[in-house]
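Visitor: Give me the fold of what follows.
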Amino acid sequence: MKKLLQVLSKAGFDGFLLMIGTMILLAHFLPQPGMVKEPVSLEEIANIGVSFIFLFYGLRLSVEKLKTGLTNWKMHIVVQLTTFLFFPLIVLAFRPLFVNNGFELLWLGVFFLAALPSTVSSSVVMVSISRGNIPAAIFNASISSLIGVVVTPIWVGLFIASATGDFDTTDIFIKLILQVLLPVIIGISLNSRFGAIAEKYKKQLKYFDQGVILTIIYTSFCKSFSQHLFEGFTALELAGLAAGMVGLFFAVFLCVGLLSRLFGFSVEDRITVLFCGSKKSLVHGTVMSKVLFQHSTITGIVLLPLMLYHAFQLIASSVIAQRMAQRKKA
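Guide: Numbering: from 1, shown residues only. Next comes the predicted model:
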């Protein structure tokens, strides 16, 4: 158990998840600070924070390392197609069960989760523990984040209007360019000069990321609670959502495993495909929701499936990674 807790801690399952739950409870019992516009708006602070998160991400992204990682192209294609095509298509197949019965917003949240890029840190940690292909894991996690900047808004944009009745394509993509794409490009262009500094202080930058994420979660749930959006869901329905996230994880995990065997990947590459292809990024999901659902009261509901999936993927992946490591030792 102690070893499992250490693995979970390395993957991010620590006080941060506890703080996420605290922010949700705080939003429920004390939503007023998250709604205040003057003199300082937490929402505007979070908007600025989103841009800095992507700036620092680009700053730490080495173009030379990405070029080096392109050699194992077949595995990379499988991981990215799983992340951005197979995952969303699975959720899309279940859409008829959710529309016109009061659950379309929950489905939109699950679909938003399915369209997100893979995690970076926890994917690499799990591949390392399982003794998989670590350079390939780093490459796939990094390139997935870049692809997600473009692909995630395109996927989600197809269904936002039908679910919310409000989607200004021009406004959303202007914000996407200014808050996400432009900071990433600036960061990448400055990598040769300041990349080493950003890498040196990556722990501090991680805390900055988490602070922005917690602010977004708090303000998003403040809006949702103030509009009583969660009152339409029973505890049984939310438990069903949690069970659905567990089922989604294992469905993708098993299918990716079969696909990697079908392509004849080595054991190390199969491990990389399994963990990079089945995980989703809480960081990117939270900050992208700030761009895609800005000024919307439904963000709390949209983020709920992602939070449930994130918590479970850390637990399940940690257990699986440990078992894989033990088998390889034997």
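Visitor: Now for the residue nearest to residue 202 when sequence neighbours are not counted, how many residues are close by?
Guide: What sits nearest to residue 202 in space, not counting adjacent residues and going by CB to CB, 6 or more residues apart in numbering, is residue 60, at 6.8 Å. For the C-beta atoms, the positions are set from N, CA and C on the backbone; glycine is no exception. Neighbour count for residue 60, taken as other CB atoms under 10 Å: 20.
Visitor: From residue 25, how far out is residue 221?
Guide: To residue 25, residue 221 is 9 Å away according to CB to CB, to the nearest Å.
Visitor: go on, residue 258?
Guide: 41 Å.
Visitor: More neighbours: these two, which one.
Guide: Of the pair residue 258 and residue 25, residue 25 is the one with more neighbours under other CB under 10 Å, namely 11 against 8.
Visitor: Which is the succeeding secondary structure element to the host helix or strand of the more buried one?
Guide: Element membership for residue 25, per DSSP states H and E: helix 15-29. Counting by DSSP H and E, the next helix or strand C-terminal to helix 15-29 is helix 32-35.
Visitor: Below-threshold pLDDT in this structure: ranges please.
Guide: Scanning the chain for pLDDT under 70 picks out the ranges 1-14, 65-66, 68-70, 161-172, 294-296, 327-330.
Visitor: Contact partners for the one residue sitting closest to the centre of it?
Guide: Compute the mean C-alpha point of the chain, and by CA atoms, centre = their mean the closest residue is residue 281, 2.0 Å away. Contact partners of residue 281, counting by CB atoms under 8 Å, 6 or more residues apart in numbering, are 116, 117, 118, 119, 120, 145, 148.
Visitor: State the distance from it to residue 133.
Guide: In this structure, residue 281 and residue 133 are 20 Å apart, going by CB to CB.
Visitor: Could you do residue 181 as well?
Guide: Residue 181 sits 29 Å away from residue 133, taking CB to CB as the criterion.
Visitor: So between these two, which is more surrounded?
Guide: Higher neighbour count among residue 181 and residue 133: residue 133, with 23 against 16, using other CB under 10 Å.
Visitor: Perfect, I'm done here.
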